[in-house]
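Colleague: quick check, what structure comes out for this input:
(2 chains)
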Amino acid sequence: MLTVLALASVVLLGIVPDPSQAIVIYTGWERHALLGSDVRLSCSFFSWRWTSDDVTFSWTYRPDGSKDSISIFHYTGGMAYVDNKGPFRDRLEFVGNPGRRDGSILLKNLDFSDNGTFTCDAKNPPDIVGRPQSSPLRRVPIQAGVITGAIIGVVLGLLVLIVVIYYLMRFLVARRVFSLSVSKHGKKKKEGSQQRQGPAPPADPSKVKAAASEKKKQESRKDKK
Amino acid sequence: MLILLAAIFAVHIIGIILLLVATIDNAWWASDTYSTDLWGRWVLTNGVWNLTDIPSGSHYPQDYLQAVQASSILACIFSILGIFVFVAQLFTLEKGKRFTISGVFQFLACLCIMIAAAIYTDRFHIDEQFGWYGHCFILAWIAFALTLISSITYFVLRKKTAGAGH
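Modeller: Next up, the predicted model:
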């Protein structure tokens, strides 16, 4: 019993994480943004320690195709220091909340040459061991239009609808014409049978006269046709 | 009569080409250093032409721009459909009948490019002194005239009966 308890406590103590483990930094995924737009670069971290008052956030920028990176933002001692000499002067703004472990910055008015990788490094003393996280930024030159697509789709859809309705109406009218001709055939058959019956039975003068007039009518119809 | 047929076909094809150039090329408004609309803006910086975004703002209404884009694309689509319908009608139309459906397609194309060019004329570059209307704008209006003539021709033309020479 005692040995089991001892073993269990050793195992449990082993599972409990060591408070001096590394800090884990999270940034946004790869971003595509339009020229002239505002981009929010987000950065937050996970640490086993309480958020210290000396927490620091640090952003660096490495242009595409270059190996050098420059520092563009630093937050320390409760003060945010933005770039005032480099390519991002007057375009960066600190929009994060260090108390909630958020060190996000806002990059305004995206320029031509802003393609590159932004790296965030956060330190929460005494938890300082960690790997900075990168967030690449790509500039998208041309914007796709929603209104454009909507107008084109609606007009073409209406066109297809009109064509379909037109052919449907033609099909329905053709069917009606077909049913009329079927009933005409039925009437003609009846007339033919009356004619045959006419001369066979003993002559009733009214019936014979009716048959003769019908014969004449049919002949006149045939002549007209 | 073969010459008349070839001429009508040629007018329609030229209309299609003008519409395509007006829609695809970015030159509705131009100046020495930039050439713009409908899809992007070519800017000359340090001797190199770069394709950039069209600026968004109150002086450049995005929704009207997208309406112009949609209209000019629709004009191209209707005109191209019209040429196929015309060729089909050449072979399937009964003698003595008019090419109404081809005429309808060309008229729709004419209407659409007129809408596009009219919106662009009215809503863009109203107070701008620097620059002039580019070649695409002019081609759009010429295409409007050509498609109008083409559609009227289709509405008036009758398919020749046999024996009168084709």
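Colleague: can we go C-alpha only for contacts and neighbour counts from here?
Modeller: Fine.
Colleague: how about the nearest residue to residue B:136, chain neighbours excluded?
Modeller: Nearest non-adjacent residue to residue B:136, counting by CA to CA, 6 or more residues apart in numbering or on different chains: residue B:22, 4.3 Å away.
Colleague: which residues does that neighbour contact?
Modeller: B:28, B:135, B:136, B:137, B:139, B:140 (CA atoms under 8 Å, 6 or more residues apart in numbering or on different chains).
Colleague: for it, give its distance to chain A.
Modeller: 16 Å (CA to the nearest CA, to the nearest Å).
Colleague: what comes up buried for the strand or helix carrying that residue?
Modeller: Element membership of residue B:22 [criterion: DSSP states H and E] is helix B:2-24. Neighbour counts over helix B:2-24 (16 or more other CA atoms under 10 Å in any protein chain shown) mark B:8-9, B:11-13, B:15-23 as buried.
Colleague: report the two of those separated the most.
Modeller: With CA to CA as the measure, no two of the buried residues of helix B:2-24 lie farther apart than B:8 and B:23, at 22.8 Å.
Colleague: any weak-confidence spans in chain A?
Modeller: Scanning chain A for pLDDT under 70 picks out A:6, A:8-21, A:34-36, A:140-144, A:177-225.
Colleague: run the last query once more with 80
Modeller: A:1, A:3-21, A:28-38, A:65, A:109-113, A:138-146, A:176-225 (pLDDT under 80).
Colleague: could you pull out the helices for it?
Modeller: Assigned by DSSP state H, chain A shows helices spanning A:2-15, A:146-197, A:205-224.
Colleague: host element of residue B:144?
Modeller: helix B:135-156.
Colleague: next, the contact list for whatever residue of chain A ends up closest to chain B, please.
Modeller: Nearest to chain B, among the residues of chain A, is residue A:148, at 4.6 Å (CA to the nearest CA). Counting by CA under 8 Å, 6+ apart, residue A:148 touches B:66, B:67, B:69, B:70.
Colleague: with respect to residue A:46, which of these is nearest?
Modeller: Nearest to residue A:46 among the contacts of residue A:148 is residue B:66, at 44.5 Å by CA to CA.
Colleague: OK, contacts around the residue nearest in space to the middle of chain B?
Modeller: Nearest residue to the geometric centre of chain B (CA atoms, centre = their mean): residue B:19, 3.0 Å. Shown in contact with residue B:19 (CA under 8 Å, 6+ apart): B:72, B:75, B:76, B:139, B:140, B:143.
Colleague: tell me the one among the residues you listed nearest to residue B:83.
Modeller: residue B:76 (10.9 Å).
Colleague: that closest one: neighbour count?
Modeller: 25 (other CA atoms under 10 Å in any protein chain shown).
Colleague: excluding chain neighbours, what is closest to it?
Modeller: residue B:19 is the one closest to residue B:76 (CA to CA, 6+ apart), at 5.8 Å.
Colleague: could I get the full set of helices for chain B?
Modeller: Remark: helices assigned in chain B by DSSP H are B:2-24, B:62-92, B:100-123, B:135-156.
Colleague: make CSV out of these and add mean pLDDT.
Modeller: Shown next, in CSV, are the helices of chain B (pLDDT from 0 to 100):
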stretch, mean pLDDT
helix B:2-24, 93
helix B:62-92, 91
helix B:100-123, 93
helix B:135-156, 93
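Colleague: could the ones you listed go into CSV alongside distance to residue A:100?
Modeller: Below are the helices of chain B laid out as CSV (distance: least, CA to CA, whole Å):
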stretch, distance to residue A:100
helix B:2-24, 50
helix B:62-92, 38
helix B:100-123, 47
helix B:135-156, 54
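Colleague: what residues does chain B put near chain A?
Modeller: Counting by CA under 8 Å from any CA of the partner chain, the residues of chain B close to chain A are B:39-40, B:51-53, B:55, B:63, B:66-67, B:69-71, B:73-74.
Colleague: let's see it at 10 Å
Modeller: B:39-41, B:50-56, B:62-74, B:77-78 (CA under 10 Å from any CA of the partner chain).
Colleague: got the contact list for residue B:82?
Modeller: Residues counted as contacts of residue B:82 (CA atoms under 10 Å, 6 or more residues apart in numbering or on different chains) are B:12, B:16, B:76, B:88, B:101-109, B:151.
Colleague: and for residue B:119?
Modeller: B:64, B:65, B:67, B:68, B:71, B:113.
Colleague: what of residue B:26?
Modeller: By CA under 10 Å, 6+ apart, the neighbours of residue B:26 are B:35-42, B:51, B:134-137.
Colleague: same question for residue A:168.
Modeller: Counted by CA under 10 Å, 6+ apart, residue A:168 has contacts A:162, A:174.
Colleague: how much space between it and residue B:103?
Modeller: 22 Å (CA to CA, to the nearest Å).
Colleague: same question, residue A:52
Modeller: Counting by CA to CA, the gap from residue A:52 to residue B:103 is 77 Å.
Colleague: residue A:120 against residue A:61, yeah?
Modeller: Yes - using CA atoms under 10 Å, residue A:120 is in contact with residue A:61, at 9.1 Å.
Colleague: what do those two both touch?
Modeller: Both residue A:120 and residue A:61 are contacted by A:73, A:134, A:135, under the criterion CA under 10 Å, 6+ apart.
Colleague: if we can go back for a sec, looking at the helices of chain B, which is closest to residue A:90?
Modeller: Counting by CA to CA, and looking across all of the helices of chain B, nearest comes helix B:62-92 at 26.8 Å.
Colleague: report the buried residues of that closest one.
Modeller: Within helix B:62-92, the residues scored as buried using 16+ other CA under 10 Å are B:62, B:64-80, B:82-83, B:85-86, B:89.
Colleague: for stretch B:137-145, same thing?
Modeller: Neighbour-count burial for stretch B:137-145 flags B:137, B:138, B:139, B:140, B:141, B:142, B:143, B:144 (criterion: 16+ other CA under 10 Å).
Colleague: ditto for stretch A:39-46
Modeller: A:39, A:40, A:41, A:42, A:43, A:44, A:45.
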